[in-house]
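S.K.: After the sequence you'll find the predicted model.
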Amino acid sequence: MIVDAEKCVGCGMCRIYCPVSAIQVVNKKAVIDQDLCTECANCQRAKVCPRDALQKVPLTWPRVVRSQMSDVTTVYRGVNGRGTEEMKTNDVTGRFKKGYAGIAVEMGRPQVSSTLRDLEKMTKVFAQHGAEFEDCNPITSYIVDRSTGKIDPSILDERVISGIIEVTVPIDRLQENVEALIAAADQLDTVFSLDVVCVNNEDGTNDAREILDKAGIWYRPNGKNNVGLGHVDK
Ligand code: SF4
Ligand code: SF4
């Protein structure tokens with residue numbers, strides 16, 4: 001996103017719509033920090049600029065990755081959004097079978113954001129611990145070697161509001177993956193939250209809960225059924 005300085009009157013109305021505080025008003029003109037800007041287009045979509053001074057510019061690789069991951073109107077390689085659709089509709093898709101757990105690492109947040117370099121630190125952890133990356137996920141599409149978790153080097157400095165890594169692991173490797181992710185947190189220049197998905201046993205127990213309990217890992221359990229959502233076969 002750029003500002004047409006000829007048009008801008010420095011009113012500052014656009015600033016509060018930027019989720020990463022990339023816009024400052026300097027000498028009565030809006031200035032966008034191009035390193036912080038995630039190309040989400042929120043500032044322009046808000047339609048608050050009285051002079052129509054905010055302008056999208058055509059993006060090329062690698063910067064286009066920012067909008068692919070941060071602009072909610074972007075559909076990239078058939079994936080609309082940041083992922084987790086398949087995780088959250090397990091009651092419909094049955095993706096997670098008995099004996100397996102799903103893990104999602106949600107990296108970055110509004111006001112924090114994340115670089116692909118930080119996302120790669122976690123994809124590498126998963127690769128070292130036998131995780132299988134979800135196909136229908138934008139971050140997976142940026143991984144050039146799933147055996148190492150290596151992301152395309154040309155995009156590592158690109159910044160996105162957030163990115164979600166989604167994997168499946170055999171249930172007996174859940175604990176080592178979670179512990180390795182927590183250990184890697186110190187290397188990150190962003191924040192993340194961790195989701196674990198595992199279907200209940202018929203008697204109501206849950207293998208993931210037992211593993212996390214034994215490992216002393218705190219969590220907040222949630223049951224989830226997406227009534228009426230998910231795929232419809234015609
Ligand atoms: S495109 Fe998004 S990140 Fe960039 S200045 Fe506008 S609101 Fe901020
Ligand atoms: S809303 Fe428009 S005129 Fe006001 S500071 Fe932002 S770019 Fe400039």
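M.R.: Nice, thanks for sending it over. Keep in mind it's a predicted model, so treat the numbers as computed, not measured. Ligands and ions are numbered 1, 2, ... in the order given.

S.K.: distance of the closest residue to Ala127 other than its chain neighbours from ligand 2?
M.R.: Sequence neighbours aside, Gly149 is the residue nearest to Ala127 in space, at 3.4 Å (criterion: C-beta to C-beta, 6 or more residues apart in numbering). The way it works is simple: take the backbone N, C-alpha and C, and place the C-beta from them, glycine included. The gap separating Gly149 from ligand 2 is 40 Å, by C-beta to the nearest ligand atom, to the nearest Å.

S.K.: how many neighbours does Gly149 have?
M.R.: 23 (other C-beta atoms under 10 Å).

S.K.: likewise Asp135?
M.R.: With other C-beta under 10 Å as criterion, Asp135 counts 10.

S.K.: Equivalent analysis for Val125, please.
M.R.: Residues near Val125, counting by other C-beta under 10 Å: 20.

S.K.: Repeat that for Ile16.
M.R.: Counted with other C-beta under 10 Å, Ile16 comes out at 13.

S.K.: Just say helix, strand or coil for it.
M.R.: helix (DSSP: H, G, I helix; E, B strand; the rest coil).

S.K.: Please report phi then psi for Phe96.
M.R.: Dihedral pair for Phe96: phi -90, psi 120, per degrees, to the nearest 10.

S.K.: repeat for the one 10 residues further on
M.R.: Summarising the backbone geometry of Glu106 under the convention degrees, to the nearest 10, its torsions are phi -100, psi 100.

S.K.: what sits up against the helix or strand harbouring Val169?
M.R.: Per DSSP states H and E: Val169 is located in strand 163-170. Identification of contacts with strand 163-170 by C-beta atoms under 8 Å, 6 or more residues apart in numbering yields 69, 82-84, 86-87, 95-96, 99-108, 114, 116, 119, 122-123, 126, 129-134, 137-140, 177.

S.K.: what do you get if the cut-off is 7 Å, keeping everything else the same?
M.R.: Identification of contacts with strand 163-170 by C-beta atoms under 7 Å, 6 or more residues apart in numbering yields 69, 82-84, 87, 96, 99-108, 114, 119, 122-123, 126, 130-134, 137, 139, 177.

S.K.: How is the chain partitioned into domains?
M.R.: The chain breaks down into these domains under automatic domain parsing: 1-57, 77-214.

S.K.: Ends of the first one, what's the gap?
M.R.: With C-alpha to C-alpha, to the nearest Å as the measure, the first residue of domain 1-57 is 6 Å from its last.

S.K.: quick one: contacts for the residue nearest to Ala127?
M.R.: Here Gly149 is in contact with Glu120, Thr123, Lys124, Phe126, Ala127, Ile143 (C-beta under 7 Å, 6+ apart).

S.K.: Now list the buried members of the contacts of strand 163-170.
M.R.: With burial judged by 16 or more other C-beta atoms under 10 Å, the buried subset of those is 69, 82-84, 87, 96, 100-108, 114, 119, 122-123, 126, 131, 133-134, 137, 139, 177.

S.K.: Near ligand 2, which residues of the chain are found?
M.R.: 3, 8-14, 25, 30, 48-51, 53-54 (C-beta under 6 Å from any ligand atom).

S.K.: low-scoring stretches of the protein, by residue?
M.R.: Applying pLDDT under 70 to the chain flags the ranges 76-86, 88, 224-234.

S.K.: for it, what's the longest helix?
M.R.: When the chain is parsed with DSSP state H, its longest helix is helix 116-128.

S.K.: re the thing from before, give me the angle between the strand holding Val169 and helix 116-128.
M.R.: Angle between the axes of strand 163-170 and helix 116-128 is 0 degrees (criterion: axes from the mean of the first three to the mean of the last three C-alpha atoms, to 10 degrees).
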